[in-house]
Every structure is written in structure tokens, then in C-alpha cells.
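Visitor: After the sequence you'll find the predicted model.
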Amino acid sequence: MNPLTRGLWLLALAAPAAPDDAEAVVFFSPDSPDASALLRSFGDVPVRAVLLVEDYATGREPGPAYLATIRAAGSVKAADVDGLALARKLGIRELPAAGLRRGGRWHVAAGAGVNGKELMACSR
């Protein structure tokens, strides 16, 4: 192998891979179906859980679907102004819903049957 080819080969090996800048957001509410599987379905992609609440003073006990979603999310802001603005921007009308941003473009799906892996395959 000539020195130029060997040098180019070594540069190619040393160059970092292009980062996958994917970001996922899962929107849910206390009344939406369980979104815990949706939160886990994105694999290694960072997922932000956004709680959308219409009325804080309902007096109701949280249901099993809501509790399962909260457990899967890990931590959720009680008042997420940025999350609400993003839900409006993406036109979220049905919960649970997921948005996946990749390369500056958002891909959105809503409903209990949404799967993060399918959404990621669609956005490539």
C-alpha cells in the first residue's frame, strides 16, 4: 500500500462516526392509555416524557395506566411549559403521542399502538 493510501485509510479510521442526533418525545396525560411500552420502544434514543394535564384539581386517584407510564418515564415535570409549546407546534391532538426529531425534521404519530422503533424506521 502506498503511503498516501495508507494515510487516507488511517484518517478514515480515526474520524468519528457521524452522531445520530435523534431525540424522542412522548406526550401523555393522566387519562391517556398506558404509554410505558412506547417510552421503552425507542431503544438507545433519548426520550423526554411530557405530561399534559388539563385540570390539576380533579381529586381522582391516579389510574394504573398513568402510574405505569410514570414509572417507565422515570421523572416528569409537573408543569412543562416547553413540552406544552412543543405539543402545540407538532399538532398533538390524541394521547399518547410520540415525536421523533432527526436532522431538524419531526415525525409524529399518535394513539395507543404507536411504536418508537417503527417511527424511527419511518424517519430515516
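Guide: Everything's here; your move.

Visitor: low-scoring stretches of this protein, by residue?
Guide: Along the chain, segments meeting pLDDT under 70 span 1-20, 55-58, 123-124.

Visitor: if we go to 90?
Guide: 1-22, 53-63, 74-80, 102-104, 112, 118-124 (pLDDT under 90).

Visitor: Strands of that one, start to end?
Guide: 23-28, 47-51, 97-102, 105-110 (DSSP state E).

Visitor: Tell me which of those approaches residue 83 most closely.
Guide: Of all the strands of the chain, strand 47-51 sits nearest to residue 83, with 3.4 Å by C-beta to C-beta. C-beta coordinates here come from the backbone N, C-alpha and C atoms, glycine included.

Visitor: The closest one relative to strand 97-102, how many degrees between them?
Guide: Per axes from the mean of the first three to the mean of the last three C-alpha atoms, to 10 degrees, the angle that strand 47-51 makes with strand 97-102 is 140 degrees.

Visitor: what helices or strands is strand 47-51 leaning on?
Guide: Under the contact criterion of 3 or more C-beta pairs under 8 Å, 6 or more residues apart in numbering; DSSP states H and E, strand 47-51 touches strand 23-28, helix 81-90.

Visitor: Could you check how far that strand is from the centre of its chain?
Guide: Here strand 47-51 is found 7 Å from its chain centre; the criterion is C-alpha atoms, centre = their mean, to the nearest Å.

Visitor: what does it rub up against?
Guide: Identification of contacts with strand 47-51 by C-beta atoms under 8 Å, 6 or more residues apart in numbering yields 23-30, 35, 39, 69, 73-78, 80, 83-84, 86-87, 116.
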